[in-house]
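Undergrad: A structural model of the following input is requested.
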Amino acid sequence: MRSVALNESVTRVATHPNDLDRKRIERAMKGRKRYRYVSPVVVPVTGGYRVESACCSRNIDPEGGVVDIALIMYEPEAANWLLFRRNHDLKEWELHSTYDRIFDLLNELNTDEGREFWQ
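TA: Reported below is the predicted structural model:
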């Protein structure tokens, strides 16, 4: 049997943000149900990703400026993905839900039945 010595860079878990997950989120946003005529941007932040987009409804920004849509964070200790919604009145991020898989989080964000993200 062959033995292989692993170096530290191979055994480390991928940290966030990273380009692979950022691009995965960007691709997933193309399948959203709301505001399909704007182009959201995924911005890397410490520990995750912020989704922002032009405010086409003018509900949050009457001038149609760029507003925060969602904050996606990875919690390595629990191996969970956290999805936050923006409370624009309080100017705070509020925890919306927690997921084991990023796929499930992105599905919730894209569906947004209660208009909690794409306001």
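Undergrad: residues touching Glu108, list them.
TA: Going by CB atoms under 8 Å, 6 or more residues apart in numbering, Glu108 touches Leu83, His96, Ser97, Tyr99. For every residue, glycine as well, the C-beta is placed using N, CA and C.
Undergrad: can you redo these as CSV with distance to Pro76?
TA: Written out in CSV, the entries for the contacts of Glu108 read as follows (distance: CB to CB, whole Å):
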residue, distance to Pro76
Leu83, 16
His96, 20
Ser97, 18
Tyr99, 14
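Undergrad: Buried ones among those?
TA: Leu83, His96, Tyr99 (16 or more other CB atoms under 10 Å).
Undergrad: Report the secondary structure element holding the first one.
TA: Spelled out, that is Leu83. According to DSSP states H and E, Leu83 maps onto strand 80-87.
Undergrad: Tell me how far the spatially most central residue of the chain lies from Tyr37.
TA: Central residue of the chain (CA atoms, centre = their mean): Ile72, 3.5 Å from the mean position. Applying CB to CB, to the nearest Å, the value for Ile72 to Tyr37 is 22 Å.
Undergrad: top strand in this protein by residue count?
TA: Among the segments of the chain that qualify as a strand by DSSP state E, the longest is strand 66-75.
Undergrad: now it and strand 80-87, what's the angle there?
TA: Relative orientation of strand 66-75 versus strand 80-87 (axes from the mean of the first three to the mean of the last three CA atoms, to 10 degrees): 160 degrees.
Undergrad: Counting by contacts, list what strand 66-75 packs against.
TA: Applying 3 or more CB pairs under 8 Å, 6 or more residues apart in numbering; DSSP states H and E, one finds that strand 66-75 contacts strand 48-54, strand 80-87, strand 92-99, helix 102-111.
Undergrad: For that strand, C-alpha coordinates in PDB please.
TA: C-alpha atoms of strand 66-75 as PDB (Å, rounded to 0.1, in the frame of the first residue of the first chain):
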ATOM      1  CA  VAL A  66     -28.200  49.700  -5.100                       C
ATOM      2  CA  VAL A  67     -29.600  48.000  -2.000                       C
ATOM      3  CA  ASP A  68     -28.700  45.000   0.100                       C
ATOM      4  CA  ILE A  69     -30.700  41.900  -0.700                       C
ATOM      5  CA  ALA A  70     -29.200  39.100   1.400                       C
ATOM      6  CA  LEU A  71     -26.200  38.200   3.500                       C
ATOM      7  CA  ILE A  72     -25.000  34.600   3.200                       C
ATOM      8  CA  MET A  73     -22.600  33.400   5.900                       C
ATOM      9  CA  TYR A  74     -20.800  30.100   6.500                       C
ATOM     10  CA  GLU A  75     -20.500  28.900  10.100                       C
END
